[in-house]
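Novice: Take this sequence and fold it.
(chains A and B)
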Amino acid sequence: MIHLTIDDKPIEVQEGRSLLEACREHGIHIPTLCYHPALEPYGGCRLCVVEVIFPNGRSRIVASCVYPCEEGAVVKTNSEMVVRSRRMTAELILAGSYNTPEILALGEELGVKDVRFKLEEENACVLCGLCVRACDEIVGVNAISVIQRGIAKKVATPFQVTSSRCIGCGTCVLICPTGAFKFENVAGFQYVSPKESAYHLGYYRLGGELDLRPNFVQDIAGLMSTPEDEG
Amino acid sequence: MNHLQSVSEFQTWQKSMAAGWDETKPCLRVCDGTGCRALGSQKVLAALRDEIKNTKLDTQIEVVGTGCPGFCECGPLITVYPQRISYQKIRVQDVPDIVEKTLVKGQVLDRLLYTDPLTGEHIKLEPDLPFYQRQKRLVLDFNGRIDPTKLEDYAALGGYTALEKVLASMTPEQVIAEVKASGLRGRGGAGFSTGTKWQLCRNNVLKVGAGFIVCNADEGDPGAFMDRSVVEGNPHSVIEGMVIGAYAMGVHQGFVYIRAEYPLAVENLKLAIKQAETAGLLGKDILGSGFDFMLGVRLGAGAFVCGEETALMASIEGRIGEPRPRPPYPAEEGLWGKPTNINNVKSWASIPIVIRQGAEWYSAIGTEKSKGTMIFSVVGKINNTGLAEVPMGISLRQLIFDIGGGIPNGKAFKAAQIGGPSGGCLPAEHLDVPIDYESLTALGAIVGSGGLVVADEDTCMVDFARYFMNFTQEESCGKCVPCRIGTKAMLSTLERICAGKGQPGDVDYLLELASAVKSSSLCGLGQTAPNPVLTTIRYFRDEYEAHIFDKKCPAKVCKGLITYSIIPEKCNGCMVCLRNCTSNAISGAKRELHVIDDELCTRCGVCMNVCKFDAVEVN
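Specialist: Next up is the predicted model:
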């Protein structure tokens, strides 16, 4: 077991856990956007940042989803530095997704009052990469990927042509936290035959009932039981 | 070339090469690096070879195309051996004179010599040029002397004797101890102890039983070309360093990750690898020692971020060139999950020198914490554009004024951007700072990979920051939010300020963004991208404020804040500006006062450049 201090509380976790996992196991709320317990952590949205204080007194902001729990580590999840960093990151996400309800709610939760910079085009896709990773890691199909770079980056099929690999399973639609993926846009949708598409529409309905989005703006305590509850 | 089977066979062969090396023989060494090629060195080389053949001197005088010696400002460069007369800015029409007057009659052609900008004196010999005198050339020593396509040349000057020493008499631990003791620190930017890094990698390689080493030659900083010149001009030094490193860390496979935009470097490197393999210096059973090391070349497709080590590894593995979070560090989990050691070109090329000369000798150069030499590519508003290898601890002033020859056209020095787009800019008050890792970091700049861009009094520092921000913003991979959108927000704010639409609060907003991008970005690109903005605000805040509050660009650069007009007393109506104006913004008849229409004017400045009477002013 690894012993560390999170928000002044001594905490014990299994070796190999990330700081985010440790926090969630102990009921400490950390906002996330690109994290999903079923997928490899990505470290892209930078909302899960926490402050790690090193023995020499210096501290650093790290993404808790990808930072390992180290013996003796001292971590603050709610320091001024952390709050400021998350707020600015949320403001920057809002800069590109200023009409997306989920992101507006996120901004509100993190105390963003004013979005001082906006991109010309609004886009519900926040490039969290959940769809790409789910297609790869869960479905094992790898039909979509991120293409281009920087501000032009987007999710697409190779060479932006209809993918023959897409099986139309709809996982990307279900996992998207902002509803940026519409089933009609799913990579291979136009490619599947009418008979098959009816089959896929069934999936779509299922998706409507079963919301598998990672509920990033909800208090995680409501989703996972805390040790106190178990005790 | 025979396949050398043992250390003693190598020694015999190397000694014969060294004995055959004679710099007192007549020879023309012509820089054939990319910089001089761009200035026409290949035509000069061809013309020289023809002319020498025609005059039947070809049996006595050799013509060698060498790597870049660094004095790019004055290319194409020719050095006439044995005297070492340095001829500069050679054109094809100079060739007959060089052959007839210098080679046949022994006369020196003054017009082709370097002229000291201060004294106006001609300087005849290469070693007397101030550009070289203040340098300490270790890594660049062979550039300009050897033919990079000949293994024999490299060996003649002691090449591969460090590898021989290692294989014949040193254990891997001893090699690492020697590198550690030399104080060599990573020349790619971060400045981590090379020996310590090797030790970490070796420990993990021993645990896992496999690992890789990589040479990072994905040089992408604007204005930086030292890695290119080393790989082009002396590829065997990189290979030798890597074989020694592989031996020390116990790995058997390595890669050189190099940009596809460096075709000559790639060509020379691939040739050198083949030569080294043929000679038994690379590949299976190196010099009969039983040690195997394979070296492959991987080409980068032009993404700056692939110089970041985790993105570089992703690219080598064939995945998207995006960085991933560290830890785990490459020494723990690198290429294909195996321990991997990545060093910069200059670090690898320094290894043979450290081993050959010994740690004690090497660590005597430099400062207490920064040992050895560093190569800077000195560009921008400077007289002697080029590559300069200097001992660590030399002052910025010496580098810019003594070696760089100062600022052109008598202008004043304003700032120097050190460390590429990730570095910071330092103003004149810090010209005496010693160039070492700690001192530069304390001032907000970094040694980085050695880029140095000089700005003069005509440079607008807001525009300067905008330029670097534009670069990093375009090169951001887009994986993490702060870098993808934060750099765009910073760039937009800077563009707004430059366009004259700055608002009160913009500087604070920039500082807030900079701090967020710096602290929360995923990789080094984002974490350092705000540095040019932070340092220009730190040292030139008044310029930002002049743009925002007074709507003035003090350096008269930002187009949204300047107007061109004609001074009536000086204009004699010659019509030159009118004819040169591309947007028909100037009206007036011959011998009459001309007028610039501010609405039509695009602020290109052509009128000002062409006016012989200084009648155009900018405000």
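
Novice: Please list the residues of chain A that sit near chain B.
Specialist: With CB under 8 Å from any CB of the partner chain as the criterion, chain A meets chain B at residues A:41-47, A:49, A:60-61, A:63, A:66-68, A:81, A:84-85, A:88-89, A:92-93, A:95-96, A:116-117, A:119, A:126-127, A:129, A:145-146, A:148-153. Every C-beta, even on glycine, is put in place using the N, C-alpha and C of the backbone.

Novice: shouldn't B:K518 be in contact with B:L525?
Specialist: No: proximity of B:K518 to B:L525 does not meet the contact threshold set by CB atoms under 8 Å, at 11.2 Å.

Novice: Mind checking the pLDDT average for stretch B:466-483?
Specialist: The average pLDDT for stretch B:466-483 rounds to 97.

Novice: Could you do stretch B:367-380 as well?
Specialist: 96.

Novice: rewinding a little: more neighbours: which of B:K518 and B:L525?
Specialist: Applying other CB atoms under 10 Å in any protein chain shown to B:K518 and B:L525 shows that B:L525 carries more neighbours, namely 23 against 19.

Novice: Could you look up the SS state of the closest residue to that one other than its chain neighbours?
Specialist: Nearest residue to B:L525 in three dimensions, chain neighbours excluded: B:V305, at 5.4 Å (CB to CB, 6 or more residues apart in numbering or on different chains). Under DSSP: H, G, I helix; E, B strand; the rest coil, the three-state class of B:V305 is helix.

Novice: any chance you could map the strands in chain A?
Specialist: A:2-6, A:9-13, A:49-53, A:59-63, A:74-76, A:145-147, A:154-156 (DSSP state E).

Novice: among these, which is the most enclosed?
Specialist: strand A:49-53 (a mean of 22; mean count of other CB atoms under 10 Å in any protein chain shown).

Novice: Contacts for that strand, please.
Specialist: A:19, A:23, A:30, A:59-64, A:67, A:73-77, A:79, A:81-82, A:85-86, A:89, B:520 (CB atoms under 8 Å, 6 or more residues apart in numbering or on different chains).

Novice: That one vs strand A:59-63, what angle?
Specialist: 150 degrees (axes from the mean of the first three to the mean of the last three CA atoms, to 10 degrees).

Novice: Quick check on the residues of chain A next to chain B: which are buried?
Specialist: A:41-47, A:49, A:61, A:63, A:66-68, A:81, A:84-85, A:88-89, A:92-93, A:95-96, A:116-117, A:119, A:126-127, A:129, A:145-146, A:149-151, A:153 (16 or more other CB atoms under 10 Å in any protein chain shown).

Novice: Mind pulling the model confidence for A:G207?
Specialist: Reported pLDDT for A:G207: 31.

Novice: ugh, typo on my part, it should be B:Y539
Specialist: Looking at B:Y539, the pLDDT reads 97.

Novice: That one: neighbour count?
Specialist: 21.

Novice: what separates the residue in chain A that chain B sits nearest to from A:I144, distance-wise?
Specialist: Across chain A, the shortest distance to chain B (CB to the nearest CB) belongs to A:K153, at 3.5 Å. Going from A:K153 to A:I144 by CB to CB, to the nearest Å gives 13 Å.

Novice: before we move on, back to that, enumerate every residue touching the residue nearest to B:L525.
Specialist: A:R149, B:A311, B:G321, B:E322, B:P323, B:E475, B:S476, B:C477, B:C523, B:L525.

Novice: if I look at the first one, how far off is A:R46?
Specialist: Taking CB to CB as the measure, A:R149 and A:R46 are separated by 17 Å.

Novice: Tell me who's in contact with the residue in the stretch 501-619 of chain B positioned nearest to chain A.
Specialist: Closest residue of the stretch 501-619 of chain B to chain A, CB to the nearest CB: B:A516 (3.9 Å). Taking CB under 8 Å, 6+ apart, we find B:A516 in contact with A:R84, A:S85, A:M88, A:T89, A:L92, B:P482, B:G486.

Novice: Nearest residue to it in space, please, no chain neighbours.
Specialist: A:M88 (3.9 Å).

Novice: I'd say that neighbour and B:E512 touch.
Specialist: Yes: between A:M88 and B:E512 there is a contact under CB under 8 Å: 6.8 Å.

Novice: Start and end of stretch B:104-120, how far apart?
Specialist: With CA to CA, to the nearest Å as the measure, stretch B:104-120 spans 28 Å from end to end.

Novice: I meant stretch B:590-609, not that one.
Specialist: 19 Å.

Novice: quick one: average pLDDT of it?
Specialist: Taken as a whole, stretch B:590-609 has an average pLDDT of 92.

Novice: same question, stretch A:168-183
Specialist: Rounded mean pLDDT across stretch A:168-183 is 79.

Novice: What residues of it count as buried?
Specialist: For stretch A:168-183, by 16+ other CB under 10 Å, it's A:168-178, A:180-181, A:183.

Novice: As TSV, the residues you listed with distance to B:C604 would be great.
Specialist: Shown next, in TSV, are the buried residues of stretch A:168-183 (distance: CB to CB, whole Å):
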residue	distance to B:C604
A:G168	55
A:C169	56
A:G170	55
A:T171	54
A:C172	49
A:V173	51
A:L174	55
A:I175	52
A:C176	48
A:P177	48
A:T178	45
A:A180	43
A:F181	47
A:F183	52
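
Novice: For the residue of the stretch 201-350 of chain B found nearest chain A, give me the pLDDT.
Specialist: Proximity of the stretch 201-350 of chain B to chain A (CB to the nearest CB) peaks at B:P325, 4.0 Å away. B:P325 carries a pLDDT value of 93.

Novice: Can you give me the distance of the spatially most central residue of chain A to B:G380?
Specialist: Residue closest to the mean C-alpha point of chain A, counted by CA atoms, centre = their mean, is A:C34 at 1.7 Å. Here A:C34 is placed at a distance of 40 Å from B:G380 (CB to CB).

Novice: again with A:G16
Specialist: 49 Å.

Novice: out of the two, which sits in the busier spot?
Specialist: The residue with more neighbours, out of A:G16 and B:G380, is B:G380; 22 against 9, by other CB under 10 Å.

Novice: show me what contacts that one?
Specialist: B:G223, B:A416, B:Q417, B:L452, B:V453, B:V454, B:A455.

Novice: now, which of the buried ones among the residues of chain A next to chain B lie within helices?
Specialist: Among those, DSSP state H puts A:M81, A:R84, A:S85, A:M88, A:T89, A:L92, A:I93, A:A95, A:G96 in helices.

Novice: Isn't the last one up against A:V115?
Specialist: No: under the contact definition of CB under 8 Å, A:G96 does not touch A:V115, with a separation of 10.1 Å.

Novice: rewinding a little: tell me the confidence at the residue of the stretch 501-619 of chain B closest to chain A?
Specialist: 96.

Novice: Can you name the helix or strand that it falls in?
Specialist: Taking DSSP states H and E as the criterion, B:A516 maps to helix B:506-520.

Novice: which parts of that helix are buried?
Specialist: B:D506, B:V507, B:L510, B:L513, B:A514, B:S515, B:A516, B:V517, B:K518, B:S519, B:S520.

Novice: mind giving me the domain split of the chain?
Specialist: All of this is about chain A. A:1-121, A:130-209 (automatic domain parsing).

Novice: wrong chain, I was asking about chain B
Specialist: Looking at automatic domain parsing, the domains of chain B come to B:21-128, B:159-363, B:373-456, B:461-548, B:563-618.

Novice: Identify the residue nearest whichever residue of chain B sits closest to chain A in space, chain neighbours excluded?
Specialist: In chain B, the residue that lies nearest chain A is B:G478 (3.5 Å; CB to the nearest CB). Nearest residue to B:G478, sequence neighbours excluded (CB to CB, 6+ apart): A:K153, at 3.5 Å.

Novice: Contacts only, for the one you found.
Specialist: Applying CB under 8 Å, 6+ apart, the residues contacting A:K153 are A:L127, A:V146, A:I147, B:C477, B:G478, B:K479, B:R484.
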